[in-house]
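S.K.: Let me see the structure of the following:
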Amino acid sequence: MRAVTQARYGDSSGLSVTDVDRPTIGATDVLIEVHAAGLDRGTEHLMTGRPWLVRLAGFGVLRPKQPILGFDVSGVVVDVGAEVKRFSVGDEVFGVANGSFAEFAAASEEKLALKPTKISFEQAAVLPVSGITALQALTDVGQLEAGQRVLVIGASGGVGSFAVQLAKALGGSVDGIAGTDNLELVQSLGAENVYDHRVTDIAEIARRYDLILDIGGRNPVRKLRSLLTDNGTLVIVGGENGNRVTGGIGRQVLAVALSPFVSHRLTAFISKEDHSYIERLAQHIETESVTPVIGARFTLDTGPEAMQCLENGEASGKIALVVDPIRNGHRADPRKERT
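M.R.: Numbering: from 1, shown residues only. Purely as a prediction, here's the structure:
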């Protein structure tokens, strides 16, 4: 099969599309014929090997253990392990796999759900990792209640575009912070007030929020606290632009250490990949309270260019990798297509 692979850590220039063996599956795994895959920041971190904590977490110290990139996946089940109970051959599924930038990928049945009929394979593929993160940040960690006021910082990105929609669907009153080119997009997703991070210092925002999601941001914890209500909650999601060893987790560590001594709840977390969350996302899809935003499409053959697009922050929402364009009813441009 063809797959987007890497032999060493580095940027997208080190990626190539090569022929590799199809993956084998275990007793509780399924084999998926991939129709589409999604890109996320976690994939970029594993591609670059930065922060170095990624390597120490078991992904390979000197070179990546998993040569095929990608986690987000959608497609059709073509084989099942002996102990698989939730899926059968022919089922259309979406979720999290190992090495989804390929024509076939193996996945644990516990990280998959049936694909909602209302969306395409492409839309389903970009939903799992970012959608799970947004859902857990709002509910499990942020403990959002109906009627509360929510601020999403980084509202036009992969996680942010889902967070805005989910917060509204869960009964929150949502504002967003994004770049100049994406203000209308964020408003169309349900944000009542949208602020341009290029011209607005968050300290100038007069409103106070019960819950703030700071997604990959760089704002100091003290500034974020100034926007919270007396008992408000801050959830720091991810972290970019930190040092090469620990990445951007410095703010998370500071926030968690400070939290016991202030009235605010200052939190950070690592998302958990489980079918229960994916099924909850599917329910939001079925009720049309959440719609995946695809900012760019690429073919499998242009997978390296897709990762470059992610690196450069060139797309709003999510980037989709169309592995089987004919079955998706859409043939991607030989290089890329923006929507």
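
S.K.: Pro292 - how many residues pack around it?
M.R.: 24 (other C-beta atoms under 10 Å). (Glycine included, C-beta is placed from N, CA and C.)

S.K.: And it, how close does it get to Ala320?
M.R.: 9 Å (C-beta to C-beta, to the nearest Å).

S.K.: what's the answer for Thr291, then?
M.R.: Thr291 is 14 Å from Ala320, by C-beta to C-beta.

S.K.: Also Val80?
M.R.: Val80 is 26 Å from Ala320, by C-beta to C-beta.

S.K.: Below-threshold pLDDT in the stretch 201-339 of the chain: ranges please.
M.R.: Scanning the stretch 201-339 of the chain for pLDDT under 70 picks out 239-250, 324-339.

S.K.: typo on my end, the stretch 1-150 of the chain
M.R.: Low-confidence segments of the stretch 1-150 of the chain (pLDDT under 70): 50-62.

S.K.: now the strands for it?
M.R.: Remark: strands assigned in the stretch 1-150 of the chain by DSSP state E, counting those that start in this stretch are 2-6, 15-19, 29-38, 72-80, 92-96, 104-108, 112-114, 149-153.

S.K.: could you say what helices and strands the fifth one packs with?
M.R.: Which is strand 92-96. strand 72-80, strand 104-108, strand 112-114, helix 121-125, helix 128-136, helix 275-286 (3 or more C-beta pairs under 8 Å, 6 or more residues apart in numbering; DSSP states H and E).

S.K.: out of those, deepest packed?
M.R.: Of all the helices and strands packed on strand 92-96, helix 121-125 has the most neighbours on average by mean count of other C-beta atoms under 10 Å, namely a mean of 28.

S.K.: on contacts alone, who are the packing partners of it?
M.R.: strand 29-38, strand 72-80, strand 92-96, strand 294-299, strand 318-322.

S.K.: okay, those strands in a markdown table with distance to Gln6 next?
M.R.: Below are these laid out as a markdown table (distance: least, C-beta to C-beta, whole Å):
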| stretch | distance to Gln6 |
| --- | --- |
| strand 29-38 | 15 |
| strand 72-80 | 17 |
| strand 92-96 | 19 |
| strand 294-299 | 16 |
| strand 318-322 | 15 |
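
S.K.: mind giving me the domain ranges of this structure?
M.R.: 2-127+292-338, 130-268 (automatic domain parsing).

S.K.: chain center to the shortest one: distance?
M.R.: Relative to the chain's own centre, domain 130-268 is displaced by 15 Å; criterion: C-alpha atoms, centre = their mean, to the nearest Å.

S.K.: quick one: terminal-to-terminal distance for that domain?
M.R.: 16 Å (C-alpha to C-alpha, to the nearest Å).

S.K.: ok so, going back, between Thr291 and Ala320, which contacts overlap?
M.R.: Common neighbours of Thr291 and Ala320, counting by C-beta atoms under 8 Å, 6 or more residues apart in numbering, are Gln123.

S.K.: neighbour count winner among those two?
M.R.: Remark: of Thr291 and Ala320, Ala320 carries more neighbours, 32 against 18, as counted by other C-beta under 10 Å.

S.K.: That one: what's it in contact with?
M.R.: Counted by C-beta under 8 Å, 6+ apart, Ala320 has contacts 36-39, 122-123, 125-126, 294, 296-298.

S.K.: Show the residue spans covered by the helices in the stretch 201-339 of the chain.
M.R.: Along the stretch 201-339 of the chain, counting by DSSP state H, counting those that start in this stretch, helices occupy 221-225, 250-258, 275-286, 303-312.

S.K.: nearest to Gly157, of the helices and strands packed on strand 92-96?
M.R.: Of all the helices and strands packed on strand 92-96, helix 128-136 sits nearest to Gly157, with 8.1 Å by C-beta to C-beta.

S.K.: what comes into contact with the closest one?
M.R.: 38, 40, 42, 71-73, 94-96, 158-163, 166, 213, 237-238, 269, 271-273, 277-278, 280-281, 290, 292, 318.

S.K.: Selecting buried members of these in ChimeraX, what would you type?
M.R.: Buried subset of the contacts of helix 128-136, written as a ChimeraX selection, criterion 16 or more other C-beta atoms under 10 Å:
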select :38,40,42,71,72,73,94,95,96,158,159,160,161,162,163,166,213,237,238,269,271,273,277,278,280,281,290,292,318
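
S.K.: on that earlier part again, which residues are common contacts for Pro292 and Ala320?
M.R.: The contact sets of Pro292 and Ala320 overlap at 123, 126 (C-beta under 8 Å, 6+ apart).

S.K.: Give the residue farthest from the middle of the protein.
M.R.: Phe261 (31.7 Å; C-alpha atoms, centre = their mean).

S.K.: dump the residue contacts of that residue.
M.R.: So Phe261 contacts nothing (C-beta under 8 Å, 6+ apart).
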